[in-house]
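# Generate a structure from the sequence data that follows.
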Amino acid sequence: MKLEINENMKKINNAKNSIIVIVFALFLMQSCDGFLDTAPSNSVTTDLALLTIRDANFAVNGLYRPLKAAGYYGGTMTLMGDNRGDDFLPRNSNVGGWNELYAFRYTSENLNQWGLWGTCYNTIMKANAILEGWEVLPAQTATEIAQKNDIKAHALAVRAFAYFDLVRLYGYPYLKDNGASLGAIIVDKTITPKEALEMERSTVAETYTFLLKDLQEALPLIFKPLSLSDANAQPNPATERPGRIGKFNYWSVKMLQARAYLYTGQWDNAYNAAIEVIRDSPYRLVTNAGYLSDLGAEGGVETIFELLVGGDRDTDMDANNNFDGMYNSIWHTSPGMARLVPSIAWVDLMKEDPNDVRCGLISWDNGSDNLSWIKKFPGIGGDFKRNNPRIFRLSEAYLIAAEAALVTGKQTEANQYLDAIRKRANPENPTITCTLDEILKERRKEFIGEGHRFFDIMRLGKTMDRSGGIHFAHYVYECPVTMDWNYFKVVLPISRSARLLQKTLQQNPGYSD
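Have a look, this model is predicted:
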């Protein structure tokens, strides 16, 4: 009997060690092109992939790491929103691949350097592996059950987040055609390379429906910091954070939901989600006096979700050396080092109100090129290499609420939420009647360098104008001086190498293979 028990234990340990190796391999895989080479083999049995709550939590930690890579929110994703817009541009023509992005020079042949299609699917496949392993994850006590539910919620939220980025990068804006254009390939389980070969892209509408369903399922399962309206309210968030700032919680999932509703024109839903965060979450707008210093803090007063950069850059699990190039180039405190600069149009916008606290984000240059620089995120402890990408700040909830209220005829509420951001910027600002142009103006001022501008222009069918100031002629001649959502390069192409691997993968209109 003793021998039999020992043999059984040996088999269990061997199986556990094998599965841990497989799980580690799965969570360390990277892809440049597509999900064919990240799809886990069917040899990974889901009933063994996650053995304990502790193992599952480790897998969840790994789920967040790709989000911080240079090919995602460590650089590229922010550039997709800022460097393709009208508020940022390269300082000169010697800026590597960023000038190509600014000039919309990407094609199906050269897109691999950006890698977003593969990075997003790498993240999605990791989330799918967790979700399948979660089904048989043992949990007995109430605490274990809550932890197990939280694990599932993280996988759902991160998967929805990746799909949201895929659909706004590779699909035309929803309001252009009510989501009829091509969106993402919806993969909701672990698949084999053979299965992947037969998959096709869904529509933009179908992709949004899928990711919103994930978010709705995640909300009741994920950790929820106490609301200020609760009987046992959280301590003052200015002195004590609600916890786990480097991962999704209830309020950051609600913010992603509000943003997705905004992009799809579901105005009532966007309004309700945004005001829930404003009224009930433990986050509050930072004061005018604390605004600039808060942007350099880890876990700022109004930061709902940020990605954490580790303290020990060589050994910390959250460290990512690829952050250096991005923050050095945009958010350097020394003007001579910056390589991406704000346009004259944006600087002139800020000059309209010299008493706006956000003017302190500008480093004014007196050099021969007469350019200015952004010093928005000086870095934790003054180290610009340790800036945490801000994914959601409470100010976004206010501006979403203002826009949704305006569209649905709630003028008083629209005025109120816009006014809160304007008076935070300058307490002497008079109350004004909220309009869409005023909201977009505040979004330009508030979110410079956070990856919103290009998507804001395109999601509403506005026209982007690069006709004046320091927008470079030697770039502009290769793309329209003005453009709207009818320009085919508003969406990224599917890379040629990905389509060679997967013959059923439809290309976006206008691009050749």
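# State the next helix or strand along the chain beyond the helix or strand containing residue 258.
Assigned by DSSP states H and E, residue 258 belongs to helix 250-263. The element immediately downstream of helix 250-263 (helix or strand, assigned by DSSP H and E) is helix 267-280.
# Below-threshold pLDDT in the stretch 351-500 of the chain: ranges please.
365-370, 384-385, 469, 472-478 (pLDDT under 70).
# contact partners of stretch 423-436?
285-288, 291, 353, 355-358, 395, 402-403, 405-406, 411, 414-415, 417-419, 422, 438, 445-446, 460 (Cβ atoms under 8 Å, 6 or more residues apart in numbering). C-beta: built from backbone N, CA, C; applies to glycine.
# now those residues: which count as buried?
In the contacts of stretch 423-436, burial by neighbour count holds for 285-286, 291, 353, 356-358, 395, 402-403, 405-406, 414-415, 417-419, 422, 438, 445-446, 460, counting by 16 or more other Cβ atoms under 10 Å.
# Okay, helices next: where are they in the stretch 401-513 of the chain?
Along the stretch 401-513 of the chain, the stretches classed as helices by DSSP state H, counting those that start in this stretch are 411-425, 436-447, 453-459, 473-476, 496-501.
# Neighbours of residue 382, how many?
Residue 382: 9 surrounding residues under other Cβ atoms under 10 Å.
# where does the nearest residue to it once chain neighbours are set aside land on pLDDT?
Nearest residue to residue 382, sequence neighbours excluded (Cβ to Cβ, 6 or more residues apart in numbering): residue 296, at 7.4 Å. With respect to pLDDT, residue 296 scores 79.
# Please parse this protein into its domains.
15-94+107-223+484-513, 249-462 (automatic domain parsing).
# would CSV of the ones you listed with distance to residue 468 be doable?
Compiled in CSV, these are given as follows (distance: least, Cβ to Cβ, whole Å):
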stretch, distance to residue 468
domain 15-94+107-223+484-513, 10
domain 249-462, 7
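# didn't residue 392 look like it was pressed against residue 252?
Yes - assessed by Cβ atoms under 8 Å, residue 392 is found in contact with residue 252 at 5.4 Å.
# Give the residues shared as contacts by these two.
304-305.
# Work out which residue lies at the spatial centre of this structure.
Central residue of the chain (Cα atoms, centre = their mean): residue 391, 5.4 Å from the mean position.
# quick one: secondary structure of it?
Assigned with DSSP: H, G, I helix; E, B strand; the rest coil, residue 391 falls in the strand class.
# Would you mind giving the secondary structure of the spatially closest residue to it that is not a sequence neighbour?
Excluding its sequence neighbours, the residue lying closest to residue 391 (Cβ to Cβ, 6+ apart) is residue 305, at 4.4 Å. Recorded secondary structure, residue 305: strand (three-state DSSP).
# For residue 305, give the beta-bridge partners.
residue 392 (DSSP bridges).
# give the contact list for it.
Counted by Cβ under 8 Å, 6+ apart, residue 305 has contacts 245, 247-249, 252, 255, 390-392.
# Compare these and tell me which is most surrounded.
Using other Cβ under 10 Å as the neighbour test, the contacts of residue 305 are led by residue 248, with 30 neighbours.
# List the buried residues for stretch 122-138?
Those buried within stretch 122-138 under the rule 16+ other Cβ under 10 Å are 122-134, 137.
# what about the stretch 101-250 of the chain, any weak spots by pLDDT?
If you take pLDDT under 70 as the line, the stretch 101-250 of the chain has these spans: 111-114, 227-244.
# can you do 80?
110-115, 193, 226-245 (pLDDT under 80).
# in it, which spans are helices?
Using DSSP H, counting those that start in this stretch, helices in the stretch 101-250 of the chain cover 116-134, 142-170, 174-177, 193-197, 204-218, 250-263.
# buried stuff in the longest one?
The neighbour-count check on helix 142-170 (16+ other Cβ under 10 Å) flags 147-170 as buried.
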